[in-house]
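Q: build me a model:
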Amino acid sequence: MRRLAVLQHAPHEGPSRLRNAFERAGYSIEVLRLDLGTPVPETTDGIDALLVLGGAMGVGDLGDPRYPFLGPEIALLERAVASDFPTLGICLGSQLLARAAGARVYPNQRGNALVREVGWGAVHFTRTPSEEPVLSGLDAAEIMLHWHGDTFDLPRDAVLLASTLHCPHQMIRVKTRLFGVQFHPELDASDIERWVVEDADYVAGALGPDGATRILADTKRFMPRFREQGDRLLDNLARALA
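A: Presented below is the predicted three-dimensional model:
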């Protein structure tokens, strides 16, 4: 059985439905709680794929003593990029992957205004399923959940797979077997209910005082389609890494 190493940065940002997708693809899963002091692997020896999850910290926090894992994580991802090692980065994970691939990571802004992309919104795919198999079964645009304030430039060895109005680089493939996804196709309704509580100040800062209420109302509306198409994308990604 293939072994997947999962790098987790926060208590409420686990693999969620990604666990099911990778198990369907034939992986055993080991979650490494970096936030609890589990060390970052120095190499990819002994593992077959790498999953890097999200978190409230960012590449701009590199060197912050609160997040000692960021430097070793980027070093591990640099080795993964060099060897085209099967890797999936979600949100923060995609930003760390972009940095490891040589791209700049920075706060997302339009003009002089910082833009936090939080809540439900359309993702537009920039390639067809015939061009990019990980997009098989998806429409040209799908509603996904967003929860980030940083973005990144397109790495030199990357192909752009998806964009949004406020964040052009939403999903990328680096070389052939490394993928970065800024949005969150992996979440369940229970995850979102927890996030709006855990990140209440962040949500209010992005959407105003009624932001959490709007997200939860939209979750009821969009979850059936989101779960179906999100699982399709997650299965495609897990198979691509396999």
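
Q: mind listing the strands for the chain?
A: Counting by DSSP state E, the segments of the chain that form strands are 2-8, 27-33, 49-52, 87-90, 105-107, 109-110, 113-114, 117-125, 141-148, 150-152, 158-163, 171-174, 178-181.

Q: who does the first one touch, helix- and strand-wise?
A: Packing partners of strand 2-8 (3 or more Cβ pairs under 8 Å, 6 or more residues apart in numbering; DSSP states H and E): strand 27-33, strand 49-52. From N, CA and C alone the C-beta is placed, and that goes for glycine too.

Q: let me know which of these is tucked in deepest.
A: Burial among those, expressed as mean neighbours by mean count of other Cβ atoms under 10 Å, is greatest for strand 49-52, which shows a mean of 26.

Q: run me through the strand neighbours of that one, direction for each.
A: Strand pairing for strand 49-52, determined by DSSP bridges: strand 2-8 (parallel), strand 87-90 (parallel).

Q: dump those strands to TSV, plus mean pLDDT.
A: Written out in TSV, the entries for these read as follows (pLDDT from 0 to 100):
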stretch	mean pLDDT
strand 2-8	98
strand 87-90	98
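
Q: ranking the ones you listed by burial, who's on top?
A: strand 87-90 (a mean of 28).

Q: from residue 50, how far off is the residue nearest the centre of the chain?
A: The central residue of the chain, meaning the one whose C-alpha is nearest the mean C-alpha position (Cα atoms, centre = their mean), is residue 90 at 1.3 Å. With the distance defined as Cβ to Cβ, to the nearest Å, residue 90 ends up 12 Å from residue 50.

Q: tell me, how many residues neighbour the closest residue to residue 74 other than its chain neighbours?
A: The shortest distance from residue 74 to any residue that is not its chain neighbour, by Cβ to Cβ, 6 or more residues apart in numbering, is 5.2 Å, and that residue is residue 100. Neighbourhood size, residue 100 [other Cβ atoms under 10 Å]: 26.

Q: next, find the distance separating residue 100 from residue 76.
A: Using Cβ to Cβ, we find residue 100 at a distance of 8 Å from residue 76.

Q: and the pLDDT for residue 55?
A: Listed pLDDT for residue 55 reads 96.

Q: hmm, residue 94 and it touching each other?
A: No: with contact defined as Cβ atoms under 8 Å, residue 55 does not count as touching residue 94 (11.9 Å).

Q: which residue of those two possesses the greater neighbour count?
A: residue 94 (29 against 24).

Q: contacting residues for that one?
A: Going by Cβ atoms under 8 Å, 6 or more residues apart in numbering, residue 94 touches 152, 171-172, 180-182.

Q: could you check the pLDDT of it?
A: Here the pLDDT value assigned to residue 94 is 98.

Q: which of the residues in the longest helix along the chain are buried?
A: Counting by DSSP state H, the longest helix found in the chain is helix 211-241. Within helix 211-241, the residues that qualify as buried by neighbour count (16 or more other Cβ atoms under 10 Å) are 211-212, 215, 218-219, 222-223, 226, 229-241.

Q: between strand 2-8 and it, find me the angle.
A: Orientation note: helix 211-241 sits at an angle of 150 degrees relative to strand 2-8 (axes from the mean of the first three to the mean of the last three Cα atoms, to 10 degrees).

Q: was I right about residue 73 contacting residue 39?
A: No: distance between residue 73 and residue 39: 10.5 Å, which falls outside the contact criterion (Cβ under 8 Å).

Q: residue 25 touches residue 239, doesn't it?
A: Yes: with contact defined as Cβ under 8 Å, residue 25 reaches residue 239; the gap is 5.4 Å.
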